[in-house]
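*Asks:* any chance you could fold what I've pasted below:
(2 chains)
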Amino acid sequence: MTDAMIEFRDVTKRYGSLVANDHFTLTIQRGELMTLLGPSGCGKTTALRCLTGYIRPDEGRIFLDGKDVTELPTHQRELGMVFQSFALFPHMMVQDNVGFPLMIRNLPKDQRQKMVAEALRLVRLEGYETHYPRQLSGGQQQRVGLARALVYRPKVLLLDEPLSNLDAKLREEMRFEIKEVVTRLGITAMYVTHDQAEALALSDRVAIMNRGRLEQLGTPEEIYEKPQSRFVAEFIGLSNFLEGQVQAVDRDTMAVGVGGLQVTVPALPRIGPGHKVLLFLRPNEIELLRPDAPAGMNVFDARVEKATYLGDTMDYRLTLGQGLDLRVQSDAQRRFGPGAQVRLRFPRVRCWAIPGD
Amino acid sequence: MGAGNDPPPPFAAAVQRDGMTAFWRTHQSTLVTVFLLLPALAGFFGLFFYPMLLTVILSFRPEGHEVGWTLENYTRFLADPDGRWVILLTFILALGSTALSVLLSVPLSLILREKVRGHQFYRLMILVPLVIPGLIGALGLLLFWGSRGWFNLFLLQFMPFVQRPVAVNYTIHGLTMFYVWLYFPYTCVTTMSALESLDRSIEEAGAVSGANRWQVLRYIVLPLITPGILAGSVLTFMAAFGAFSVPLIAGGNYRPLAVEIYKQISIPIPARWSAASAIAMIMGLLQVAFLTLYMRFVRRGGGTGGPR
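*Replies:* Residues are numbered from 1 along each chain as shown, chains lettered A, B, ... in the order given. Below you'll find the model as predicted:
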């Protein structure tokens, strides 16, 4: 517990009958880059606002560096924040924007100048000191925002969808820049976004939120490869979902009956024959074989219903077994037309199951 | 219809030979424009340009004469201590009421921005002075603040230390207050719209950066709404500078320029038209000068520290 930098403990916030945060609990370690990921309305912004102090939670406590800050006003929390709308002060030059937190703290002028220059160097904006925000591009404005958030070395850096107002190419560039700056400074950061690609690329850990609660917490790999719920699997990338029933369990594998087929997947703890499970299969992880390929474990016959050319990949809709629909993506080298018979192979380790309802 | 193959109608040839009609054809759109503009031009000349010209000419005529030129009307007014006092008084009233309007508008807008209970009702109430004719407003104010009005009745009834009615009507502070009541909506409305167009996340950024409420207001909100406040305050200032009905009714011995002009043509017999015209010219020039100075100030950044 000593290394917890940010801690949400049972934070609840209601707006009338709407529960924005429902006993939300999360601990962010010192020096960690944590992403709050979720669709709009999942409560990630409310959680962020509770941390900045702009919203007071109805219940629960928030700790910053071991100190209970639930009742502390925003300006005393020693935070740095980057905003979706940049939120630069339009009437101030870049150097005054970046120097604002230092001016408020009454630092001597020469020290202020040194720290501003250092922050601007960090975001590669030297030479723009006397520009006004409106004279800068979106990416430059956001870098000023980053410099302003970091200039006085806050305990925590908060990023509220900082890239969603930038165009796609710039977004990818800035992603790495933010990651690099945060890693170099070793600062604790909380990043809020609805973009799963951003979350996976940036984070040390990802917290997926749904309806005000923490849905799943883990490293990007854990989240992507072992989603613990249908919500997470759907949110993190397109998936095929197959409902089935466990038929047999054999040490670390189990056989699941799905629409007349028998699929072998890694076994789940406390799941035995008769239990319902949900299988996930990513469209790009299913192997598409020729109809004369040898049969074997997890190999099934299927029929192509629809084929769409996507340039580097082909996107197929397939039917198999007793009315099962699957989406499969394979490289465009080998193509099948609608009506073609094919064989599919589900790689056992890539086939992931969770207990069904 | 096959119109292209038909022979030209018989009258077309005749039309083309007629020079007048040819002129009409080529200049049709210009002529129509001029024709349509005629009423407006006539109105402009008759209602604006001619009286204006007449005022300018009259102000340089010796009093009561139709001929001759003189600067006496100007020099007499400007040399007279009473005349200079009138100008000073007009400025004091206009500046004072503008300053008070700003002081009133900023906190009021800040409160109403938070969508307090009934904020829409209050918003509507702010506009009331603009809707009520100045004359009626002034009469109402005189009745309310008079020595037997509700204000003094309340003071005498409930404030033990008030022994006699407090003088409000016909005093300079009372007059300033009436001005504020009448003209502050201009400032308030523009201040409010400036505040509402402000991105709240900018203020949030200030707070996260360590600024308390007062510092956010001072370093972020106020500089950003200053152009809006200035735009509104210039309207209030100009309206107060030219105020007529309120000081006429409620001014007592305090007569700003507009009332002084009226006095010149209503009290002496025969009316002193030339003197009145000269004062009107002075008033107009002062207003133009003030507006020019103001525009220059706004263009240079209006105190917000940055180029527009």
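*Asks:* CA only for contacts and neighbour counts going forward, please
*Replies:* Will do.
*Asks:* residues of chain A that sit close to chain B?
*Replies:* A:52, A:54, A:74-81, A:83, A:85, A:87-89, A:91-92, A:100-101, A:104-105, A:132, A:149 (Cα under 8 Å from any Cα of the partner chain).
*Asks:* only the buried subset of these, as a ChimeraX command please.
*Replies:* Buried residues within the residues of chain A next to chain B, by 16 or more other Cα atoms under 10 Å in any protein chain shown, are selected in ChimeraX with:
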select /A:52,54,74,75,76,77,78,79,80,81,83,85,87,88,89,91,92,100,101,104,132,149
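*Asks:* list the ones among the residues of chain A next to chain B that fall in helices.
*Replies:* Residues of these located in helices (DSSP state H): A:52, A:100-101, A:104, A:149.
*Asks:* so A:Gly337 sits right up against A:Arg303, yeah?
*Replies:* No - counting by Cα atoms under 8 Å, A:Gly337 does not reach A:Arg303; the two are 9.8 Å apart.
*Asks:* mind naming the longest helix for chain A?
*Replies:* Chain A, longest helix under DSSP H: helix A:168-185.
*Asks:* give me the average confidence score over the following helix or strand past that one.
*Replies:* Per DSSP states H and E, the first helix or strand lying C-terminal to helix A:168-185 is strand A:188-193. Per-region confidence: strand A:188-193 scores 95 on mean pLDDT.
*Asks:* same deal with stretch A:17-30?
*Replies:* pLDDT averaged over stretch A:17-30 gives 93.
*Asks:* and A:Cys50, how many neighbours?
*Replies:* If you count neighbours by other Cα atoms under 10 Å in any protein chain shown, A:Cys50 ends up with 24.
*Asks:* for B:Ala275, that is, sorry about that
*Replies:* Neighbour number of B:Ala275 under other Cα under 10 Å is 25.
*Asks:* quick one: it and B:Glu63 touch, right?
*Replies:* Yes - using Cα under 8 Å, B:Ala275 makes contact with B:Glu63 at a distance of 7.1 Å.
*Asks:* what about stretch A:169-180, average pLDDT?
*Replies:* 89.
*Asks:* ignore what I typed, I meant stretch B:157-176.
*Replies:* 85.
*Asks:* CA atoms only: put it into PDB for me.
*Replies:* Below are the C-alpha coordinates for stretch B:157-176, written out as PDB (Å, rounded to 0.1, in the frame of the first residue of the first chain):
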ATOM      1  CA  GLN B 157     -40.300  52.900  10.100                       C
ATOM      2  CA  PHE B 158     -37.600  50.300  10.700                       C
ATOM      3  CA  MET B 159     -34.300  52.100  11.100                       C
ATOM      4  CA  PRO B 160     -34.300  53.800  14.500                       C
ATOM      5  CA  PHE B 161     -31.200  56.000  13.600                       C
ATOM      6  CA  VAL B 162     -32.900  57.600  10.600                       C
ATOM      7  CA  GLN B 163     -34.600  60.700  11.900                       C
ATOM      8  CA  ARG B 164     -35.500  62.500   8.700                       C
ATOM      9  CA  PRO B 165     -36.000  61.400   5.100                       C
ATOM     10  CA  VAL B 166     -32.800  60.700   3.100                       C
ATOM     11  CA  ALA B 167     -32.500  62.900   0.100                       C
ATOM     12  CA  VAL B 168     -32.200  60.900  -3.100                       C
ATOM     13  CA  ASN B 169     -34.200  62.700  -5.700                       C
ATOM     14  CA  TYR B 170     -32.500  65.800  -7.300                       C
ATOM     15  CA  THR B 171     -29.100  64.900  -5.900                       C
ATOM     16  CA  ILE B 172     -26.200  63.900  -8.000                       C
ATOM     17  CA  HIS B 173     -25.900  60.400  -6.400                       C
ATOM     18  CA  GLY B 174     -29.600  59.900  -6.900                       C
ATOM     19  CA  LEU B 175     -29.400  60.900 -10.500                       C
ATOM     20  CA  THR B 176     -26.400  58.600 -11.000                       C
END
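*Asks:* what does it contact?
*Replies:* Here stretch B:157-176 makes contact (Cα atoms under 8 Å, 6 or more residues apart in numbering or on different chains) with B:93, B:96-97, B:142, B:145-148, B:152-153, B:155-156, B:247, B:250-254.
*Asks:* with adjacent residues omitted, what lies nearest to the closest residue to chain B within the stretch 51-200 of chain A?
*Replies:* Residue of the stretch 51-200 of chain A nearest chain B, by Cα to the nearest Cα: A:His75 (4.0 Å). Counting by Cα to Cα, 6 or more residues apart in numbering or on different chains, A:His75 lies nearest to B:Gly210, which is 4.0 Å off, once chain neighbours are set aside.
*Asks:* pretty sure that neighbour is in a strand, no?
*Replies:* No - applying DSSP: H, G, I helix; E, B strand; the rest coil, one finds B:Gly210 to be coil, outside a strand.
*Asks:* output the below-cut-off pLDDT ranges for the stretch 101-250 of chain B.
*Replies:* Scanning the stretch 101-250 of chain B for pLDDT under 70 picks out no residues.
*Asks:* phi, psi of the residue in it that chain A sits nearest to?
*Replies:* Of all residues in the stretch 101-250 of chain B, B:Gly210 sits closest to chain A, at 4.0 Å by Cα to the nearest Cα. Dihedral pair for B:Gly210: phi 110, psi 10, per degrees, to the nearest 10.
*Asks:* list the contacts of it.
*Replies:* Counted by Cα under 8 Å, 6+ apart, B:Gly210 has contacts A:74-79, A:101, A:104-105.
*Asks:* repeat that with 7 Å
*Replies:* Contacts for B:Gly210 (Cα atoms under 7 Å, 6 or more residues apart in numbering or on different chains) come out as A:75-76, A:78, A:101, A:104.
*Asks:* near B:Arg197, how many other residues are there?
*Replies:* Quick fix: residue B:197 is Ser, not Arg. 9.
*Asks:* before we move on, back to that, now do the longest helix of chain A: distance to the chain's middle.
*Replies:* 15 Å (Cα atoms, centre = their mean, to the nearest Å).
*Asks:* ok, stretch A:218-226 next?
*Replies:* 10 Å.
*Asks:* with just CA atoms, put it into PDB.
*Replies:* Backbone C-alpha positions of stretch A:218-226 (Å, rounded to 0.1, in the frame of the first residue of the first chain) are rendered in PDB as follows:
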ATOM      1  CA  GLY A 218      -4.900  -5.500 -16.200                       C
ATOM      2  CA  THR A 219      -1.900  -4.900 -18.500                       C
ATOM      3  CA  PRO A 220      -2.800  -4.200 -22.100                       C
ATOM      4  CA  GLU A 221      -1.900  -7.900 -22.900                       C
ATOM      5  CA  GLU A 222      -4.200  -9.300 -20.300                       C
ATOM      6  CA  ILE A 223      -7.000  -7.100 -21.300                       C
ATOM      7  CA  TYR A 224      -6.600  -7.900 -25.000                       C
ATOM      8  CA  GLU A 225      -5.900 -11.600 -24.700                       C
ATOM      9  CA  LYS A 226      -7.900 -12.600 -21.700                       C
END
